[in-house]
Structures are given as C-alpha cells and as structure tokens.
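K.L.:
Give me the fold of what follows.
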Amino acid sequence: RYVKEGVRVLDVGTGSGILGIAALKLGAKQVFGTDLDENAVSAVRENIEANQISENQFQVVQGNIIEEKEVKDLAGYGCYDVAVANILAPVIILLQAEIPVHLKKGGVFITSGIINTKEEDVRRAIASNREFEIIETTYQGEWVSITARKL
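P.N.:
Numbering: from 1, shown residues only. Sure thing, here's the model as predicted:
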C-alpha cells in the first residue's frame, strides 16, 4: 500500500535486502540500504544480482545511520517516500529521531520486528516525536509493525 511506482525507499538494517528487493519488485524506483554488518552488505549484493537488480537501483553501505555523518550524507536528506526498519525495538526507538530528516514531508516510516512486549515502548517513542503521527499498527502473532507518517 505504501510502496508504489516510482517511490524512493530507505532500508535501515537491510540484512539480506529482502525488504528493499520487494519494494523494487513492487515498483519502487530506488532503494538505499544500510547495515552494521559487512556480511549483510555482501548478502544484499548477491541477492540483487540473483534478482537482476542493478546496483544503481539498490545502493547499500555498511555503517550506522544514527551515529555516522558519512552514512547520513550518503543516504541523503528529505528524499525518501518510505523508510523501513525490520529490527529490534531498542534500535527502532533510537531510529525514530533520525529517520524524519531523510523522509519527504508525508513520507512513511514502517517499523517491524517488534516483539509485542516492546510495542508500548516503541509506540511511546514514535508518538513523542513531533515530526511523526502514527497511522497504522498491525499484528502477526507476537510481532508488531507500527507505521508513522512524517508531518
């Protein structure tokens, strides 16, 4: 629903790149992925090649977008329609302060990988950020996804 033809996607904690690859298959124009693990960067490169996706469509860097200015600058500012993060709740809590500078106005931040016992912590952190409004919460078993829109 949020990934449409021509959107740009920021994939934080990209891992294997599955979310970014899915976004491209759904019509996204470009994905920028970050991960702390050098093995994730290698995995993304292998997976985009296996899916006939060019490195121009899915750029990936190793680094920490929360702490490293170089990674922030490479990602770019105010240019993404969608940001995704399928990672642990404590990281999402930190990310909610960083992600708005990378999103366009009206862009969405889709979080997932949140165990239900951490839902309220994540919800409280995102709700306390005046740049976001929570627009959707979805559940699958014990897992929670919270989506917020940049105001």
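
K.L.:
Quick check, pLDDT for the closest residue in space to residue 116 that isn't next to it in sequence.
P.N.:
Leaving out its chain neighbours, the residue that sits closest to residue 116 by C-beta to C-beta, 6 or more residues apart in numbering is residue 142, at 4.8 Å. Heads up, the C-betas are built off the backbone N, CA and C, glycines and all. With respect to pLDDT, residue 142 scores 97.

K.L.:
Count the neighbours of residue 142 for me.
P.N.:
Residues lying near residue 142 (other C-beta atoms under 10 Å) number 10.

K.L.:
Return the residues in contact with residue 36.
P.N.:
13, 62, 63, 64 (C-beta atoms under 8 Å, 6 or more residues apart in numbering).

K.L.:
Out of the residues you listed, name the ones that lie in helices.
P.N.:
The helices, defined by DSSP state H, take in nothing from the contacts of residue 36.

K.L.:
Nearest to residue 84 among those residues?
P.N.:
When the contacts of residue 36 are compared for distance to residue 84 (C-beta to C-beta), residue 13 wins out at 8.8 Å.

K.L.:
Distance check, the spatially closest residue to residue 16 that is not a sequence neighbour against residue 109.
P.N.:
Using C-beta to C-beta, 6+ apart and skipping residues adjacent in sequence, the residue nearest residue 16 is residue 43, 4.8 Å away. Counting by C-beta to C-beta, to the nearest Å, the gap from residue 43 to residue 109 is 24 Å.

K.L.:
Which one of the two is surrounded by more residues?
P.N.:
Between residue 43 and residue 109, residue 109 has the larger neighbour count (other C-beta under 10 Å), namely 30 against 18.

K.L.:
pretty sure the more buried one is in contact with residue 96, am I right?
P.N.:
Yes - using C-beta atoms under 8 Å, residue 109 is in contact with residue 96, at 7.3 Å.

K.L.:
anything in contact with each of these two?
P.N.:
The contact lists of residue 109 and residue 96 share 126, 132, 148, where a contact means C-beta under 8 Å, 6+ apart.

K.L.:
what sits up against the longest helix along the chain?
P.N.:
When the chain is parsed with DSSP H, its longest helix is helix 38-50. With C-beta under 8 Å, 6+ apart as the contact definition, helix 38-50 has outside contacts at 14-18, 20-21, 33, 35, 54-55, 57-58, 60-62.
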